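>>> Take this sequence and fold it.
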Amino acid sequence: MPLEHLAEYTERLTQVFEKHGTRGTWYAHASVGTLHVRPVLDMRRDGAAKMRAIAEEACAMVKEFKGAYSGEHGDGLVRSEWIAPFFGPRLTAALGEIKSWLDPKGLMNPGKIVDPPRMDDKALFRFAPGYATQAPRTVLDWSEWGGFDKAVEMCNNNGHCRKFDAGTMCPSYRATGDEAHLTRGRANTLRLALSGQLGQMGSDPEDASFPALDEVKAALDLCVSCKGCKRECPTGIDMARMKVEFMAHYRKQRALSLRDRLIAYLPRYARLASAMAPLANLAQDLGKRIARFAPERRPPRFRRDVVGRDESAAGPASEGRDVVLFVDTFNRYFEPENTRAAIRVLQAAGCNVHLAEPAGGGRPLCCGRTFLATGLVDQARSEATRTLEALTPWVERGVPIVGLEPSCLFGLRDEFPALLPGARSTALASSALLFEEYLVREADAGRLRLALRPLAADVLLHGHCHQKAFGAMGAVEGALRLVPQLKLSTVESSCCGMAGSFGYEAEHYAVSMKMAEAALLPAVRRAPADTIVVADGTSCRHQIADGADRAALHVARVLEQALA
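Predicted coordinates for the structure are as follows:
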């Protein structure tokens, strides 16, 4: 659209939407007059008729303003019938004649540009006449979308997940090139299953098993729950949450393996394993093959020097701000130096650091991530309940909850409201911040008093998938830039490939390494030996250690090194 007409066009098109009882989303390249416009319509009911009516009026307006109706990425089946109004019958016929010379049998892109179908031809619809879904009773809250089946149907097949050049999604597709292991492919498999096209679910959704259990499991097998689609998909598909929902139903019909139990119940036995760390670590090494962990992997090492409940009290008393540090399972039992570094930095910034502890005592708090990964949603909900009970008094006082491990901290922000919908989980989600998010927020508000000495060093930063998915990469970069003379570069990478337990599993080892070799590991290998490699995710650090033989640091340890 010529720019001088763009404002009038959008205003009039908005009125067209309103006339048909809907509204639209606008995105793309307004600076050059290009818009993608998507009316919010239910294509299973009267959406097709409304879409055609809107398209006819939009086409007339574009022609009136001497614009172009063709799509930025081509015309395809949807827009081809709108070429004739712009080119006229004579030129359109000429296009058809040329096509017949070059493709007399009509084998190349039939129905595109020449002899197109109507855009509202029901034979072309994903939601054909008679389409209906029957979802089983869900274990997570899907009310935001109107139900689990509606959330699945948010995938409109736009194919933005089929990318290799930037962003996070979809790591498994980048590694395999297989549409089945793509966000769109998984959403379509789920949609076909829930609509009975892969087998019937049964008459009672309260008791019925999930349809096409094995087909859906195969489609979701390589999903690493990176949540890249939640941020990067234009329709906000959350395949990670869909996988949790499916796995909960899968677990009702498929028993846990030994490996599943070791992964899921890690927070429950980690305290005992740490107390007998040498034996526990030896058992891990000897039992890898029995439990079907990749023999090439070195499991994380349990440590005896875990963070004690009173360690934060060892710092100087301060009249500064209170902060609650949520210590996750991994930074408690495997890498306690990260927790201690965070405590030192926060105290140096004038904070009173309180370690999050269960209200009634007992074992440490946990976000439930390992249970969610294996489909044990009831156990994850139990952990979330304990954590919510412990943190709510702090939240009600306005004290921020700070975490170190992105997957765990964002569990508080993203999974808890789905597990325990309500005002308390919503309030906790609003109060939970990554360590670096808190520091940058305080710095931006002019409240941060953190004396840091210069570090004349190069830093190579790899972002955790959840940092990318929740827009936190700017915060970790900002926290590192608090250190004078630090030279920062960020790896343009997708998932590291380890993804929790995924990369440790024998059948996933090869694709895990392929994900890592796409960008991350080559960038680390190219970095000079004195470059500081930073990765906040425990899985990312282990993947870098295994694949590049380099030690990566949490951002808290870099800031600790720079304390004056």
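
>>> Tell me which residues are up against the helix or strand where R525 lies.
Assigned by DSSP states H and E, R525 belongs to helix 520-526. The contact list for helix 520-526 (C-beta atoms under 8 Å, 6 or more residues apart in numbering) reads 460, 462, 491, 493, 496-497, 533, 540, 543-544, 547-548, 550, 552. C-beta here means a position set from N, CA and C on the backbone, and glycine is covered the same way.

>>> again, but for stretch 24-33
Stretch 24-33 is contacted by residues 1-3, 6, 10, 13-14, 17, 34-40, 67, 72, 234 when judged by C-beta under 8 Å, 6+ apart.

>>> Ok, stretch 35-46 next?
1, 6, 10, 13, 17, 20, 22-29, 47, 50-51, 54, 58, 72, 125-127, 131, 234.

>>> distance between the ends of it?
For stretch 35-46, the first-to-last residue distance is 24 Å (C-alpha to C-alpha, to the nearest Å).

>>> Excluding chain neighbours, what is closest to the residue nearest to the spatial centre of the chain?
Closest to where the C-alpha atoms of the chain average out (C-alpha atoms, centre = their mean) is K227, at 0.9 Å. Once flanking residues are discounted, K227 sits nearest to A469: 3.8 Å by C-beta to C-beta, 6 or more residues apart in numbering.

>>> Strands of this structure, start to end?
24-29, 34-39, 322-326, 352-355, 401-403, 432-434, 458-462, 487-490, 532-535, 552-553 (DSSP state E).

>>> now these in TSV, with mean pLDDT and distance to E97?
As requested, the strands of the chain are exported to TSV (pLDDT from 0 to 100; distance: least, C-beta to C-beta, whole Å):
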stretch	mean pLDDT	distance to E97
strand 24-29	84	34
strand 34-39	88	30
strand 322-326	97	69
strand 352-355	96	77
strand 401-403	98	65
strand 432-434	98	62
strand 458-462	98	55
strand 487-490	97	53
strand 532-535	98	59
strand 552-553	98	62
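
>>> In TSV: those strands, plus mean neighbour count.
Putting the strands of the chain into TSV (neighbours: other C-beta atoms under 10 Å) gives the following:
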stretch	mean neighbour count
strand 24-29	12
strand 34-39	16
strand 322-326	23
strand 352-355	19
strand 401-403	25
strand 432-434	25
strand 458-462	21
strand 487-490	15
strand 532-535	24
strand 552-553	22
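
>>> Would you reformat these as CSV and include distance to D178?
Shown next, in CSV, are the strands of the chain (distance: least, C-beta to C-beta, whole Å):
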stretch, distance to D178
strand 24-29, 28
strand 34-39, 27
strand 322-326, 38
strand 352-355, 45
strand 401-403, 35
strand 432-434, 33
strand 458-462, 25
strand 487-490, 29
strand 532-535, 28
strand 552-553, 30
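
>>> And those strands: which comes nearest Q197?
Using C-beta to C-beta as the measure, strand 34-39 is the one of these that comes nearest Q197, at 25.2 Å.

>>> Could you quantify the relative orientation of that closest one and strand 24-29 as an angle?
160 degrees (axes from the mean of the first three to the mean of the last three C-alpha atoms, to 10 degrees).

>>> quick one: strands adjacent to strand 34-39?
Strand 34-39 has its sheet partners listed here by DSSP bridges as strand 24-29 (antiparallel).

>>> Distance from the chain centre to the partner strand, please.
When C-alpha coordinates are averaged (C-alpha atoms, centre = their mean, to the nearest Å), strand 24-29 and its chain have centres 22 Å apart.

>>> Check stretch 478-487 too.
Relative to its chain's centre, stretch 478-487 lies at 27 Å (C-alpha atoms, centre = their mean).

>>> what about that stretch, start to end distance?
Span of stretch 478-487 from end to end, C-alpha to C-alpha: 12 Å.

>>> Tell me which residues of it come out buried.
G478, A479, L480, L482, V483, L486 (16 or more other C-beta atoms under 10 Å).

>>> What residues does the second one make contact with?
With contact taken as C-beta under 8 Å, 6+ apart, A479 is in contact with F435, E436, L439, V440, V555, L559.

>>> Out of these, the closest to G350 would be?
Closest approach between the contacts of A479 and G350, by C-beta to C-beta: L439, at 11.8 Å.

>>> Going by neighbour count, which residues of the helix holding R525 are buried?
L520, L521, A523, V524.

>>> again, but for stretch 170-186
170-176, 180-186.

>>> separation between the closest residue to R268 other than its chain neighbours and R304?
Distance criterion C-beta to C-beta, 6+ apart; nearest residue to R268, sequence neighbours excluded, is R363 at 7.2 Å. Distance, R363 to R304, using C-beta to C-beta, to the nearest Å: 17 Å.

>>> likewise L3?
Taking C-beta to C-beta, one finds L3 at 67 Å from R304.

>>> domain parsing for the protein?
3-124, 148-253, 458-561 (automatic domain parsing).

>>> what distance separates the start and the end of the first one?
One end of domain 3-124 sits 34 Å from the other (C-alpha to C-alpha).

>>> Quick one: buried ones out of the contacts of stretch 35-46?
1, 6, 10, 13, 17, 20, 22, 24, 47, 50-51, 54, 58, 127, 131.

>>> May I ask which two of those residues are separated the most?
L6 and Y131, at 36.6 Å, using C-beta to C-beta across these.

>>> tell me the mean pLDDT over stretch 389-399?
The pLDDT scores in stretch 389-399 average 97.

>>> what residue ranges in the stretch 301-450 of the chain are flagged as low confidence?
Applying pLDDT under 70 to the stretch 301-450 of the chain picks out residues 312-319.

>>> If we use 80, what do you get?
Residue ranges of the stretch 301-450 of the chain with pLDDT under 80: 309-320.

>>> What degree of burial does A384 show, as a neighbour count?
27 (other C-beta atoms under 10 Å).

>>> got a list of what it touches?
By C-beta under 8 Å, 6+ apart, A384 lies in contact with C367, G368, E415, F416, L419, L420, S425.

>>> mind giving me JSON lines with the contacts of A479 and columns for neighbour count and distance to L220?
Shown next, in JSON lines, are the contacts of A479 (neighbours: other C-beta atoms under 10 Å; distance: C-beta to C-beta, whole Å):
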{"residue": "F435", "neighbour count": "30", "distance to L220": "31"}
{"residue": "E436", "neighbour count": "28", "distance to L220": "31"}
{"residue": "L439", "neighbour count": "27", "distance to L220": "36"}
{"residue": "V440", "neighbour count": "22", "distance to L220": "35"}
{"residue": "V555", "neighbour count": "28", "distance to L220": "32"}
{"residue": "L559", "neighbour count": "27", "distance to L220": "38"}
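
>>> Max pairwise distance over those: which two?
Pairwise over the contacts of A479, using C-beta to C-beta, the maximum falls at V440 and L559, 11.6 Å.
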